[in-house]
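>>> build the 3D model from these lines:
(one chain, ligands or ions: 2)
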Amino acid sequence: MRLSEDNRRKIEELKNPKVMECLNEAIELCKPAKVTVITDSEEDIAYIRELSLKNGEEAKLAMEGHTIHFDGIYDLARDKKNTKYLVTEKVNWGMEVNSIPRDEGIAEIREIMDGIMEGKEMLVSFFSLGPTNSPFSICAMQITDSAYVTHSEQILYRPGYEEFKRMNGSPDFFFFLHSAGKLENGKTVNVDKRRIYIDLIENRVYSANNQYAGNSVGLKKLAFRLAIQKANNSDWLAEHMFLMGVHGKPGRVTYFAGAFPSACGKTSTAMLPGQTIVGDDIAYLRNIGGEMRGVNVEKGIFGIIQDVNPEDDPLIYEALTTPREVIFSNVLINNGVPYWLGMGKEAPDEGENFSGHWYKGKKDKDGKEIDYAHKNARYTIALHELKNADEKIDDPNGVKVQAIVYGGRDSDTTVPIAESLNWAHGVFVGATVESETTAATIGAEGVRRHDPMANLDFVTVPLGKYVENHLKFGAKLSKAPTVYATNYFLKDENGKYMNGKLDKKIWILWADGRVNGDYDAIETPIGRIPLYEDLKELFKKYLDYDYTMEEYTKQFAIRAKKYLEKMKRMKEVFSKIEMPEEFMNEMNAQVQRLEKALKEHGEVISPLKFK
Ligand code: SPV
Ligand code: MN
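Ligands and ions are numbered 1, 2, ... in the order given. Coordinates of the predicted model:
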């Protein structure tokens with residue numbers, strides 16, 4: 001038997017028959033040479049850190065606590081094509097969903113995973129999704145042969161071995177079985193056999209032949225998909241959202257949640273100077289006593305490192321350049337020092353990156369020049385390492401959410417910030433987020449993509465049901481949060497961004513002022529927008545910038561024609577789906593308001609016209 005006495009005891013102490021069953025099944029299938037059970041102890045955590053170095057998945061960098069991990073050259077983002085839901089019947093999803101008949105999928109993945117850990121060590125860990133001892137949280141069991149995956153999870157999630165003990169043998173937990181597969185130079189070889197199969201019936205995920213955390217780390221996007229189904233079959237929300245404390249006035253903290261597609265300013269919003277961060281990626285939201293309350297499912301950040309520089313993201317930059325535990329991935333390493341795109345420092349002409357030894361001018365197999373670091377290169381860091389970590393991060397009761405922000409990458413339509421007219425209008429705004437695609441998933445970049453609540457990649461129930469759950473959730477609150485639409489990526493006629501990177505701070509502080517009754521607003525067909533005077537004052541106070549009337553009228557012009565084009569695209573999408581009536585009413589009302597405005601004032605309307 002591969003399970004030593006010591007490890008067997010650790011498992012038995014959990015007194016959980018399903019844990020035992022999952023483990024036995026995994027051992028039988030993957031046939032590891034050795035099995036190690038990891039508890040919450042400092043000793044076990046240190047063991048993983050060491051193992052990741054020993055087996056070459058990570059290497060030490062010059063700075064104390066810093067390590068580098070490289071994913072393979074074809075494994076640098078989420079693999080949407082090979083991520084599939086296992087289904088037993090035809091589901092009318094209302095969106096493009098990758099699925100496979102369950103029997104067929106399980107047979108395929110079992111064949112791929114048969115003996116996949118031969119000669120390798122199986123690592124068995126337990127985590128809590130959300131704070132420990134909290135009504136929000138879900139327990140999760142992870143089995144993997146990757147110490148990097150386990151190490152990442154130790155940084156990103158709360159320990160769960162003791163939580164499992166408190167579960168009293170309940171089978172209600174998520175289970176993730178992962179293998180990086182055969183490795184060469186620490187990288188997955190059989191990427192053609194990469195599969196991520198999500199079993200919504202058993203609440204488990206099989207993931208094979210990958211290392212990129214969006215594919216491999218069970219607790220991140222894989223658990224998220226299971227949580228969305230669980231939430232939607234109940235009365236809560238699992239969302240692709242950050243949580244932050246906005247400090248608009250001394251002594252006043254107002255919590256915001258925000259959903260943005262990958263690489264659209266989500267982390268940098270949550271990390272805005274002067275504010276506090278609760279979480280940057282996934283939130284569970286519940287109605288507690290009529291209030292919307294939320295927790296961060298995670299306790300760390302797996303963040304995009306590109307453009308983290310002292311000017312735009314001073315807090316992260318400082319954390320990433322001082323001694324503490326950080327895993328860098330897919331950056332360039334030269335002499336033990338990491339270099340990434342947009343760091344504000346020149347990179348050397350050679351070093352090591354995801355392509356192996358790298359030199360300036362190196363080309364890939366298609367003859368395309370390989371950049372020194374990848375656009376989706378990342379850092380993994382615990383939130384408590386950050387100066388701006390909010391004091392309520394681990395509060396089992398979560399934080400009271402008073403505002404929700406939705407944003408996409410939109411060069412020509414949406415104003416920088418607009419307040420929704422009410423909850424249902426806000427749900428409509430969230431469900432009609434569009435964004436130009438980025439490097440965080442494999443595929444074409446720069447294509448406009450509809451991404452409801454920035455959650456399209458992860459929704460595991462029919463889209464209509466998902467939207468309806470949002471509508472119902474808000475209706476039951478005594479006071480629903482105010483919803484805002486933001487857009488940081490508006491461009492002028494010369495293709496130049498109209499706003500600086502820190503302008504988002506102004507939009508967020510304006511929203512905070514609105515929520516707290518500090519400002520008036522102008523009602524337009526798409527929602528309420530700021531008054532020039534208030535923005536002028538905010539820009540001066542926080543960015544020492546003289547915001548002009550000309551900038552304001554340009555940025556906040558209601559591009560009625562463009563908005564109507566967007567509405568046309570949305571109508572096209574939603575006419576094919578069974579959507580709640582309330583949602584369709586919101587869409588029709590917005591179209592009517594826009595058509596009326598266009599008739600009266602033209603295609604591009606100055607905000608002052610609505611004053
Ligand atoms: C995202 O792409 O939304 C991320 C990173 O947060 S990943 O883990 O790849 O999902
Ligand atoms: Mn994300």
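
>>> give me the phi and psi for residue 18.
Here is the backbone geometry of residue 18 (degrees, to the nearest 10): phi -70, psi -30.

>>> and the residue lying closest to it once chain neighbours are set aside, which of the three is it?
Spatial nearest neighbour of residue 18, chain neighbours left out: residue 171 (4.1 Å); criterion: CB to CB, 6 or more residues apart in numbering. The C-beta positions use only the backbone N, C-alpha and C, and glycine is treated the same way. Following DSSP: H, G, I helix; E, B strand; the rest coil, residue 171 is assigned to coil.

>>> mean confidence for stretch 70-90?
Confidence for stretch 70-90, expressed as mean pLDDT, is 95.

>>> list the buried residues in it.
Judged by neighbour count (16 or more other CB atoms under 10 Å), stretch 70-90 contains these buried residues: 70-80, 82-87.

>>> re the thing from before, got a list of what the residue nearest to residue 18 touches?
Neighbouring residues of residue 171 by CB atoms under 8 Å, 6 or more residues apart in numbering: 16, 17, 18.

>>> if I look at residue 389, how far off is ligand 1?
19 Å (CB to the nearest ligand atom, to the nearest Å).

>>> up against ligand 1, what does the stretch 101-250 of the chain have?
213, 214, 220, 221 (CB under 6 Å from any ligand atom).

>>> same thing but 8 Å
The stretch 101-250 of the chain comes close to ligand 1 at residues 212, 213, 214, 215, 217, 220, 221, 240, as judged by CB under 8 Å from any ligand atom.

>>> so what's the second one up against?
For residue 213, the contact set (CB under 8 Å, 6+ apart) comprises 149, 152, 220, 302, 329, 378, 380.

>>> can you tell me the helix or strand for the second one?
For residue 152, the host element (DSSP states H and E) is helix 147-156.

>>> quick one: average pLDDT of that helix?
98.

>>> which other residues reach it?
Here helix 147-156 makes contact (CB under 8 Å, 6+ apart) with 38, 45, 48-49, 51-52, 55, 57-58, 69, 123, 125, 127, 142, 144, 178, 180, 211, 213, 216-220, 298-302, 325, 327, 380-382.

>>> and if we set it to 7 Å?
The contact list for helix 147-156, computed with CB atoms under 7 Å, 6 or more residues apart in numbering, reads 38, 45, 48-49, 51-52, 55, 57-58, 69, 123, 125, 127, 142, 144, 178, 211, 213, 216-217, 219, 298-300, 302, 325, 327, 380-382.

>>> out of those residues, which sit inside strands?
69, 123, 125, 127, 142, 144, 178, 300, 302, 327, 380-382 (DSSP state E).

>>> quick one, which of the contacts of residue 171 are buried?
Using 16+ other CB under 10 Å as the burial test, these include 16, 18 as buried.

>>> closest to residue 366 among the contacts of residue 171?
Ranked by distance to residue 366 (CB to CB), the contacts of residue 171 are led by residue 18 at 46.6 Å.

>>> next one: the residue nearest to residue 18 from residue 19, what distance?
Noted for residue 171: a distance of 9 Å to residue 19, by CB to CB, to the nearest Å.

>>> just give the nearest non-adjacent residue to residue 374, would you?
Leaving aside its sequence neighbours, residue 374 sits nearest to residue 330 (CB to CB, 6+ apart; 4.2 Å).

>>> which residues of the stretch 351-500 of the chain fall in helices?
Using DSSP state H, counting those that start in this stretch, the helices of the stretch 351-500 of the chain run over 423-431, 463-475.

>>> any idea which of the ones you listed is most buried?
Of all the helices of the stretch 351-500 of the chain, helix 423-431 has the most neighbours on average by mean count of other CB atoms under 10 Å, namely a mean of 24.

>>> what does it rub up against?
Contacts for helix 423-431 (CB under 7 Å, 6+ apart): 259, 404, 406, 420, 452-453, 467, 470-471, 474, 480, 483, 485, 582-583, 586-587.

>>> show me the shaky parts of the protein.
Applying pLDDT under 70 to the chain picks out residues 1, 438-443, 445.

>>> quick check: residues of it near ligand 1?
Counting by CB under 8 Å from any ligand atom, the chain sits next to ligand 1 at 77-78, 212-215, 217, 220-221, 240, 261-263, 266, 281, 302, 304, 376, 378, 440-441, 454, 457.

>>> quick one: the helices in the stretch 501-611 of the chain?
Using DSSP H, counting those that start in this stretch, helices in the stretch 501-611 of the chain cover 503-515, 532-543, 549-555, 560-575, 581-601.

>>> mind checking which of these is nearest residue 110?
Nearest to residue 110 among the helices of the stretch 501-611 of the chain is helix 560-575; the distance by CB to CB comes to 36.5 Å.

>>> list the buried residues for the closest one?
In terms of neighbour count (16+ other CB under 10 Å), helix 560-575 has its buried residues at 560, 562, 563, 564, 566, 567, 570, 573, 574.

>>> how near is the third one to ligand 1?
From residue 563 across to ligand 1, the span is 26 Å (CB to the nearest ligand atom).

>>> that residue: what's it in contact with?
Residues counted as contacts of residue 563 (CB under 7 Å, 6+ apart) are 413, 526, 594.

>>> distance of residue 229 from ligand 1?
Distance of residue 229 to ligand 1, computed by CB to the nearest ligand atom: 17 Å.

>>> for that residue, what are its contacts?
With contact set as CB under 7 Å, 6+ apart, residue 229 has these partners: 200, 460, 461.

>>> just to check, residue 210 is in contact with residue 76?
No: contact criterion CB atoms under 7 Å: residue 210 and residue 76 do not qualify, at 10.4 Å.

>>> what about residue 192, how many neighbours?
Residue 192 is flanked by 8 other residues according to other CB atoms under 10 Å.

>>> helix, strand or coil for it?
Following three-state DSSP, residue 192 is assigned to helix.
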